[in-house]
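Novice: Sequence and predicted model, in that order:
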Amino acid sequence: MSRQRTLVAVLLAVLVLVAGCSGGGDSAELAQSGGDGGVDTGVEATPAPEQTEKADAGDAAVATRYRIQRGSVALEVDSYASARENLTALVRERGGYLSDATQQVHQRGNQTWTTGRLVLRVPADRFDATFAAVKAEGETREASISTEDVTGRVVDLEARLENLRAEREQLRTLYRRANETDDVLQVQQRLADVQSEIERTEAQLNHLRNQVNYATITVELREPRPDVEPTPVSHWYDTGVVAAFLESVNGVTVVARALVVGTAYVAPYLLAFGVPVALVAAVVRRFGRGGLPLRSD
């Protein structure tokens, strides 16, 4: 039993080592296939059959280039709502969709204007035509296009995924053959780790493929900012005589009403506290005068 357990441990170690080496070998092979590295001696060399097969396989691996296309444009439009509706319909007609949208309403005086940002996703093969149509929606203030080649990342992830799946099949075979509980637990743990790594790699690969298949166009929309006329400053002596008299009468009325209301508020306090204080003061004054010593002649 101990020999079998040792064998299982050795096989697990070999699987981990092979998985790591195969991933590194694929990356190194990809790097070699992407660069020349040879020296021109003036003599045409005839490659061996094995080298020809490897070269053909390397060329086939990178025959398809994976590129992520991105575009950004700033537009001035008459109406944010209309421009958003038109651009959303535009990308839907081309098989794309609106990925994200933001909107801000600004106010200056009694005037308002709207700005916002749209993130459009469109099939990569329709990027150029869609980008031109987006710019025609308004007055272009700024536009840019960028392309990122992710072929190496895609090929690396595909190779790693293939190696992980092969390791998973070997672990499943080893799991079926294991008899000891410790061996089963070790293989099961390694199998769970490999499965988690497969899922992470698949998620990364799917994300990259989505970025490649659907180009991204970011559109900044801005309505024109309205011009607000300054409010003219008026002086008091520009007021008409009648208007000034009426304003004064109104002011007197307001002051009189304020005095009446203030008196109504103060009256209870005067009755509650003022009368007793006045009585006490009168008593003190009276007894104070009566208690003064009489002067003798």
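Specialist: Good, I have the coordinates.

Novice: Tell me what the one residue sitting closest to the centre of the chain is bridged to.
Specialist: What sits nearest the mean C-alpha location of the chain, by C-alpha atoms, centre = their mean, is residue 100, with 9.4 Å. Beta-bridge pairing of residue 100, defined through DSSP bridges, involves residue 119.

Novice: Pull up the gap between it and residue 129, please.
Specialist: Separation of residue 100 from residue 129 (C-beta to C-beta, to the nearest Å): 22 Å. The C-beta positions use only the backbone N, C-alpha and C, and glycine is treated the same way.

Novice: Would you map the strands across the stretch 151-297 of the chain?
Specialist: Using DSSP state E, counting those that start in this stretch, the strands found in the stretch 151-297 of the chain span residues 214-222.

Novice: right, and residue 69 touches residue 124 too?
Specialist: Yes: under the criterion of C-beta atoms under 8 Å, residue 69 makes contact with residue 124 at 5.9 Å.

Novice: So those two - more neighbours on which side?
Specialist: Legend: neighbour count by other C-beta atoms under 10 Å for residue 69 and residue 124, higher for residue 69 (20 against 17).

Novice: What count of nearby residues applies to the closest residue to the more buried one other than its chain neighbours?
Specialist: Across the structure, with C-beta to C-beta, 6 or more residues apart in numbering as the measure, the residue nearest residue 69 apart from its sequence neighbours is residue 215 (3.9 Å). Other residues lying near residue 215 total 25 when counted by other C-beta under 10 Å.

Novice: these two touch, right, residue 215 and residue 129?
Specialist: No: with contact defined as C-beta under 8 Å, residue 215 does not count as touching residue 129 (11.1 Å).

Novice: Any chance you could list residues touching both of residue 69 and residue 124?
Specialist: Residues touching both residue 69 and residue 124 comprise residue 215, with contact defined as C-beta atoms under 8 Å, 6 or more residues apart in numbering.

Novice: still on that earlier bit, who touches the residue nearest to the centre of the chain in this structure?
Specialist: Contact analysis of residue 100 by C-beta under 8 Å, 6+ apart lists 117, 118, 119.

Novice: Spatially, what comes nearest to residue 151 if we skip its sequence neighbours?
Specialist: Closest residue to residue 151 in three dimensions, ignoring its sequence neighbours and counting by C-beta to C-beta, 6+ apart: residue 66, at 4.7 Å.

Novice: Give me the helix or strand of the protein that scores worst on average pLDDT.
Specialist: Lowest on mean pLDDT, DSSP states H and E among the helices and strands of the chain sits helix 49-61, with a mean of 44.

Novice: Buried residues of stretch 158-166, list them for me.
Specialist: 159, 160, 161, 163, 164 (16 or more other C-beta atoms under 10 Å).

Novice: if I look at the second one, how far off is residue 216?
Specialist: Per C-beta to C-beta, residue 160 is found 26 Å from residue 216.

Novice: next one: the fourth one
Specialist: Relative to residue 216, residue 163 is positioned 31 Å away (C-beta to C-beta).

Novice: cool, and the third one?
Specialist: In this structure, residue 161 and residue 216 are separated by 25 Å, where distance is defined by C-beta to C-beta.

Novice: Tell me where this structure has helices.
Specialist: Along the chain, the stretches classed as helices by DSSP state H are 2-34, 49-61, 80-93, 127-135, 151-177, 181-213, 241-269, 275-290.

Novice: Who are the packing partners of the fourth one?
Specialist: I take that to be helix 127-135. Helices and strands touching helix 127-135, as assessed by 3 or more C-beta pairs under 8 Å, 6 or more residues apart in numbering; DSSP states H and E, comprise strand 67-76, helix 80-93, strand 111-123, strand 214-222.

Novice: same thing but 6 Å
Specialist: In terms of contacts (3 or more C-beta pairs under 6 Å, 6 or more residues apart in numbering; DSSP states H and E), helix 127-135 is packed against strand 67-76, strand 214-222.

Novice: Nearest spatial neighbour of residue 117, chain-adjacent residues omitted?
Specialist: The shortest distance from residue 117 to any residue other than its chain neighbours is 4.8 Å, reached at residue 102 (C-beta to C-beta, 6+ apart).

Novice: again, but for residue 72
Specialist: residue 218 (4.4 Å).

Novice: per-residue pLDDT, the one you found?
Specialist: In the prediction, the pLDDT value recorded for residue 218 is 97.

Novice: where in this protein is pLDDT low?
Specialist: Regions of the chain meeting the criterion pLDDT under 70 cover residues 1-63, 228-239, 241-242, 288-297.

Novice: try 80
Specialist: Low-confidence regions of the chain, defined by pLDDT under 80, span residues 1-63, 178-184, 227-251, 266-267, 269-275, 277-278, 280-297.

Novice: Could you check how far residue 74 is from residue 90?
Specialist: For residue 74, the distance to residue 90 (C-beta to C-beta) stands at 17 Å.
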